[in-house]
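>>> coords below, sequence missing:
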């Protein structure tokens, strides 16, 4: 507004300069008081006073000038807007815009990667081929930050169209955030969407026989190791990762090769690897009937295994994931647990030969890992956007979309036959053995209960509290929180 | 000579601006209506000038405060259409929450450790710098100590995250040179909170030091010179002249530090330790953040906010009640 006024004033000044060059001031503030200054100049010269009086009728005062400028500006803005509409391509006019919040892009203030993340590639490929839909990609940060933004936008009455929701938050998504049922969104095309993804994936997004999302990023925790260091220490990975017992023995050799210090890093939140370790010993964090199994003998024995590694100085107590990852990448620890989705990133970062393995077994018991990752859930209440959301989801599950997505390292849960990436084998082995969904802590305070368990896991593994005390106290607290 | 009585246009005598002046009365004749408007506008102008600020303060400070107090009586997540009224349950739940108790303990440690470090240490440094003659050296010291203040908390915290790294952090490398074994600064209960305190001190030291230096600059030289002529020692000058005259700055630094100390360390906690290990670095602000943005419990978070407000207001009142009397405003 101010800029437009300045332009109009400058134009008027130019006009005055051309028609009445002797009336205009040359000072820097001339443009602000053209008419009044000119009038003063005229009146200050008695010989011209009469002439000035005559001319005053021709001249406009400041109020008139601003008023006319505003009118002209409004007219110009109207014309521009009308012109803009007319100039816009017809195709863009018809396109429906939808927004997806996910964790795989560049967060605000971050530097975009040289090679866009596969998720960005999927979105770009979709936008390039669709004549009817444009997908806008937003990366608020990690899963928590993504959910925070989702919640804030819902509260502000502007729910996002699609969001990558962690499997562990499906209950909260439904109860707390009003997650749409997928058949409601997809309508007639729901069966088509169902046909795109593996039958084993759909139960993960189903609650009380209702489907709430599109299965997308299925990960599972696996073990990464420094193969060069294993060779240097004379440790056979097959032997080391056979059982927890053999791991404890072989880890001492690795520790010696490292020159002391920790060998194994387990990622935060610690309740995620804890779930897999407990399940591998035949226990469960949450039983099928909804009760908690963390005080069972199997669970306690499993938790004690890591606490014993800590006692031997083999467990990395670093306080954040950043540090645990940096320690592993720099070669100061030998083994690290992380999601299979970290495969691409770790391959790019490490300077040594990267190996991957399934979790060690407890005796002869099978490895039963947990899931990780997220599904795509829709929150929009604008039904006119449902077809656009469905079109994008159909593309995600198509060969064109999913082939791009598969580069991430997530387990292929589509019905497409895609080549496994080198290093993904342990994840597929665990997938084939059967995964258990990441714990969905029940109730409105479920997230708080999960956090309480995570805190106790950290304390037990670092021997800050005994396993027996820790599991007992954790159970009491979780039951109190969840009611 | 009889003075002509000023009248308004309607023939009503107009008030004279000043009976003491000898200004011709015709020139001060003002219509009554215009004078009334002048009085009203003169009276209203200050209020109109502060109105925008007052509206902003009301909307962005007082309204959220009142709304927080209201929300603390509900179980709500900001999204559900219905809020469940729970009365004072959120307050009573906090009393029995061991995590809240841990957060309170952390808050006490941060407050007790950081007040001396942020109030007295900068004062000591300012006095040391004051002793350095006005030279480039003093400017260099001042610049070096003030530099951390202009670095964003998140950036500073990331920087320190790597300085503290137990395996390849600079701090352990330096300690290793003098024969000290590596320390897991951020991974151990005993060291993590002191690491956060160290970062917070480093970050805020320079700003408070600069305030003290400015206050010391403002002490009139003639007071000091007069005392010196009377034979006062440097210590006596400091004790009886300089320090009393900088007490307003001291009081300001103390009050603002008590108010903001726990809020300031939030970013450092979030980046360096995420509240761990085992919640040992959590404080009440971080607890509030967890309740609101990790657990999505707006009612509980509002309860904590109300408690923080009440406690902070109480301590600020205490300081004004008992310490302000010792402040010399010149």
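In hand now; what should we look at? Predicted, not measured: the structure shown is a model, and the values here were computed from it. Residues are numbered from 1 along each chain as shown, chains lettered A, B, ... in the order given.

>>> which non-adjacent residue is nearest residue 232?
Assuming you mean chain A. Setting aside the residues directly before and after it, residue A:232 is nearest to residue A:257 in space (C-beta to C-beta, 6 or more residues apart in numbering or on different chains), at 5.4 Å. For the C-beta atoms, the positions are set from N, CA and C on the backbone; glycine is no exception.

>>> wait, chain B was what I had in mind.
Distances taken as C-beta to C-beta, 6+ apart place residue B:240 nearest to residue B:232, at 7.2 Å, with adjacent residues excluded.

>>> and what of residue B:243?
Nearest residue to residue B:243, sequence neighbours excluded (C-beta to C-beta, 6+ apart): residue B:250, at 7.8 Å.

>>> wait, doesn't the one you found sit right on residue B:119?
Yes - with contact defined as C-beta atoms under 8 Å, residue B:250 reaches residue B:119; the gap is 7.4 Å.

>>> any shared contact partners between those two?
Applying C-beta atoms under 8 Å, 6 or more residues apart in numbering or on different chains, one finds that no residue jointly contacts residue B:250 and residue B:119.

>>> roughly how far does the residue nearest to residue B:243 sit from residue B:320?
Distance of residue B:250 to residue B:320, given as C-beta to C-beta, to the nearest Å: 14 Å.

>>> and what of residue A:188?
Counting by C-beta to C-beta - residue A:188 and residue B:320 are separated by 70 Å.

>>> and the two? Which one has more around it.
Using other C-beta atoms under 10 Å in any protein chain shown as the criterion, residue A:188 and residue B:320 rank with residue B:320 on top: 13 against 9.

>>> phi, psi of the residue nearest to residue A:232?
Backbone geometry at residue A:257, expressed as degrees, to the nearest 10, gives phi -60, psi -30.

>>> for it, grab the count of nearby residues.
A count of neighbours around residue A:257, defined by other C-beta under 10 Å, yields 18.

>>> who are the neighbours in contact with it?
By C-beta under 8 Å, 6+ apart, residue A:257 lies in contact with A:229, A:232, A:233, A:334.

>>> what's near enough to touch the third one?
Meaning residue A:233. A:253, A:254, A:256, A:257, A:334.

>>> in helices, which of these fall?
A:253, A:254, A:256, A:257 (DSSP state H).

>>> please spell out the ChimeraX selection for the buried subset of those residues.
For the buried members of the ones in helices among the contacts of residue A:233, the matching ChimeraX selection, counting by 16 or more other C-beta atoms under 10 Å in any protein chain shown, is:
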select /A:253,254,257
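
>>> what segments of the chain are strands?
No chain specified, so I'll use chain A. Assigned by DSSP state E, the strands in chain A fall at A:96-101, A:133-138, A:162-166, A:206-207, A:210-211, A:214-219, A:221-226, A:264-265, A:335-339, A:354-357, A:372-378.

>>> think we crossed wires, I meant chain B
Under DSSP E, chain B gives strands at B:74-75, B:84-85.

>>> mind putting those in a markdown table, mean pLDDT, distance to chain A and mean neighbour count included?
As requested, the strands of chain B are exported to a markdown table (pLDDT from 0 to 100; distance: least, C-beta to the nearest C-beta, whole Å; neighbours: other C-beta atoms under 10 Å in any protein chain shown):
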| stretch | mean pLDDT | distance to chain A | mean neighbour count |
| --- | --- | --- | --- |
| strand B:74-75 | 92 | 7 | 18 |
| strand B:84-85 | 91 | 9 | 12 |
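
>>> distance of the residue nearest to residue A:353 when sequence neighbours are not counted from chain B?
In space, residue A:353 comes closest to residue A:227 once its chain neighbours are excluded; the distance is 4.0 Å by C-beta to C-beta, 6+ apart. Distance from residue A:227 to chain B, counting by C-beta to the nearest C-beta, to the nearest Å: 20 Å.
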